[in-house]
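Asker: just a sequence and a predicted model for now, questions to come.
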Amino acid sequence: MTAAAAEKKPKATMLQVNREIRRKTRLRHEEHTPEELNIVAMMDMMTIILVFLLKSLASSAATIPQSDNLRLPHSLVQTAPSQALQVLVSRVSITVNGRFVAPLANLQVDPSLKRGGASGFLINPLAEAMRNEYQRQRDLSQRAGVEFHGEVAIIADLGLPTRTVYEVMYTCGQANFSKFHLLVLKGRGR
């Protein structure tokens, strides 16, 4: 090209130069796509974890609150508490899975609540509650296709007479709950 031909070409203005620079910069620059958290999936995950934790804590036998009416004995046992039906025998009452069943007076079951009176071993209100639990758990086991084991965790106060504990165990056994677990605190005694 000659000098005359180069002179015929118009010169670019400053505005055109700036536009061309911006255009080239945009072509080189990759568009930023913001990455967001999928809040629905995160909420599903948190709900599953929450349900799992609540289920674990609600059915754990180790979450028994102690009070003046219930002090657990100590033991050096190394096994973990089971997920069996809970029968709690405090100084003032008997409860099955948190539902009141029968009162205790002077750490004993009232003779009018037992079959055979004072010499009897079967506690009538407890027997009825245990039969209902047996029916419910057996039905659940059949629906789930698993074998019913008849496990019961007896959580008894440290100061209860042995006879009262035997009466509770006998009554549970009569309702087809024959595998007993006695809940105790790990560690040394007093």
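Answerer: Okay, I see it. Numbering: from 1, shown residues only.

Asker: strands of the chain, start to end?
Answerer: 74-75, 85-89, 93-96, 99-105, 108-109, 114-115, 122-123, 151-156, 179-182, 185-186 (DSSP state E).

Asker: looking at those, which is nearest to residue 48?
Answerer: strand 85-89 (25.6 Å; Cβ to Cβ). Glycine gets a C-beta too; all of them are placed from N, C-alpha and C.

Asker: list the buried ones in stretch 84-103?
Answerer: Of all the residues in stretch 84-103, those buried under the rule 16 or more other Cβ atoms under 10 Å are 84-91, 94-96, 101-102.

Asker: in JSON lines: these, plus pLDDT and distance to residue 117.
Answerer: Below are these laid out as JSON lines (pLDDT from 0 to 100; distance: Cβ to Cβ, whole Å):
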{"residue": "84", "pLDDT": "79", "distance to residue 117": "30"}
{"residue": "85", "pLDDT": "84", "distance to residue 117": "27"}
{"residue": "86", "pLDDT": "86", "distance to residue 117": "28"}
{"residue": "87", "pLDDT": "88", "distance to residue 117": "22"}
{"residue": "88", "pLDDT": "88", "distance to residue 117": "25"}
{"residue": "89", "pLDDT": "89", "distance to residue 117": "20"}
{"residue": "90", "pLDDT": "87", "distance to residue 117": "23"}
{"residue": "91", "pLDDT": "86", "distance to residue 117": "22"}
{"residue": "94", "pLDDT": "91", "distance to residue 117": "18"}
{"residue": "95", "pLDDT": "90", "distance to residue 117": "23"}
{"residue": "96", "pLDDT": "90", "distance to residue 117": "23"}
{"residue": "101", "pLDDT": "90", "distance to residue 117": "19"}
{"residue": "102", "pLDDT": "91", "distance to residue 117": "15"}
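
Asker: among those residues, which two are most distant?
Answerer: Across the buried residues of stretch 84-103, no pair lies farther apart than 84 and 91, at 22.3 Å, counting by Cβ to Cβ.
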